[in-house]
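**Q** what's the 3D shape of this:
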Amino acid sequence: MRPEKYLELYTKYINGRLNVNGVLLKPIKFEDDVMTFKMSNPKDKSYSYHALEGFVNESFGVFQELIGVGEHLPSPTIQSDDDVSFYINGELFSEIKEYLKNILVLKFQECEINIKPMYFDILLSRGNEIKIVNYVKPLNTFIRSLSNNRTKSDILETVFMYREYQDKARFDETEFIYPLIDDILEKEKSLMDDDWMIGYISTEFVDFK
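**A** Modelled structure (predicted):
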């Protein structure tokens with residue numbers, strides 16, 4: 001099928017534009033097997049180009065099945081006026097901040113670390129991961145015995161044990177210490193397509209000796 005005809009039919013199929021959780025994608029050009037979309041964000045939604053491209057590919061697949069075209073899909077590319085490919089709006093930033101400031105204890109294995117939340121970063125990692133780095137200051141650390149008695153432990157040693165725990169199972173930390181972050185991120189369809197993207201938190205310790 002000629003690119004011009006494909007673009008015309010696909011544009012009609014999506015009624016002129018794709019709406020991904022309020023982020024609008026309008027196809028404007030199709031050449032060399034690449035379809036270009038113009039993005040607009042009138043509702044100031046959080047987004048990542050990776051998530052948006054995932055939704056575009058899904059729509060290509062359904063469209064081509066409908067018109068009986070082969071399995072090969074065009075490659076999408078997205079343009080916007082500010083060319084920002086990863087964006088967190090103020091509402092989501094505040095929601096994550098409010099959640100993290102109430103996490104004051106890290107419990108893992110037989111250990112416990114009392115912490116003071118300091119600040120956090122949100123970044124796109126490895127192309128398909130929304131990574132939140134939670135920077136905290138460890139205040140006190142404890143170890144529980146088999147009889148459930150809690151005794152104070154060395155901060156450096158306990159932080160080292162926590163880092164080992166992180167290395168062994170990267171996503172266990174999110175599941176057991178920050179379990180509600182999945183609910184927060186999965187609402188943001190234009191930021192994270194949970195069919196193929198992952199959101200998680202990694203704790204980093206600062207301001208201690």
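**Q** C-alpha only now, for contacts and for neighbours.
**A** OK.
**Q** pull out the buried positions in stretch 172-184.
**A** By neighbour count on 16 or more other Cα atoms under 10 Å, the buried set for stretch 172-184 is 172-174, 177-178, 181-182.
**Q** out of these, which is nearest to Lys101?
**A** When the buried residues of stretch 172-184 are compared for distance to Lys101 (Cα to Cα), Tyr178 wins out at 11.4 Å.
**Q** now the phi/psi pair for the closest one, please.
**A** With angles defined as degrees, to the nearest 10, Tyr178 sits at phi -120, psi 60.
**Q** what helix or strand is Tyr99 on?
**A** helix 90-101 (DSSP states H and E).
**Q** picking up where we left off before, in JSON lines, list the buried residues of stretch 172-184 along with secondary structure and pLDDT.
**A** JSON lines is the format used below for the buried residues of stretch 172-184 (DSSP: H, G, I helix; E, B strand; the rest coil; pLDDT from 0 to 100):
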{"residue": "Asp172", "secondary structure": "helix", "pLDDT": "93"}
{"residue": "Glu173", "secondary structure": "helix", "pLDDT": "95"}
{"residue": "Thr174", "secondary structure": "helix", "pLDDT": "95"}
{"residue": "Ile177", "secondary structure": "helix", "pLDDT": "95"}
{"residue": "Tyr178", "secondary structure": "coil", "pLDDT": "97"}
{"residue": "Ile181", "secondary structure": "helix", "pLDDT": "96"}
{"residue": "Asp182", "secondary structure": "helix", "pLDDT": "93"}
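**Q** and these, which is closest to Phe55?
**A** Asp182 (19.4 Å).
**Q** max-length helix in this structure?
**A** helix 49-67 (DSSP state H).
**Q** Provide a list of residues in contact with the residue most central in space within the chain.
**A** By Cα atoms, centre = their mean, the mean C-alpha position of the chain lies nearest to Ile130, the distance being 2.7 Å. By Cα atoms under 8 Å, 6 or more residues apart in numbering, the contact list for Ile130 reads 122-124, 192, 197-200.
**Q** show me just the buried residues among those residues.
**A** Buried, going by 16+ other Cα under 10 Å: 122, 124, 192, 197-200, out of the contacts of Ile130.
**Q** give me the nearest residue to Ser145, chain neighbours excluded.
**A** Glu110 (7.3 Å; Cα to Cα, 6 or more residues apart in numbering).
**Q** hmm, what's the outermost residue in this protein?
**A** Ser147 (40.0 Å).
**Q** list the neighbouring strands of whatever helix or strand comes next after the helix holding Tyr99 plus their orientation.
**A** Remark: after helix 90-101, the chain's next helix or strand is strand 105-108, criterion DSSP H and E. Strand 105-108 pairs in its sheet with strand 111-125 (antiparallel), by DSSP bridges.
**Q** what comes into contact with the strand it pairs with?
**A** 86, 97, 100-101, 103-107, 130-144, 158-159.
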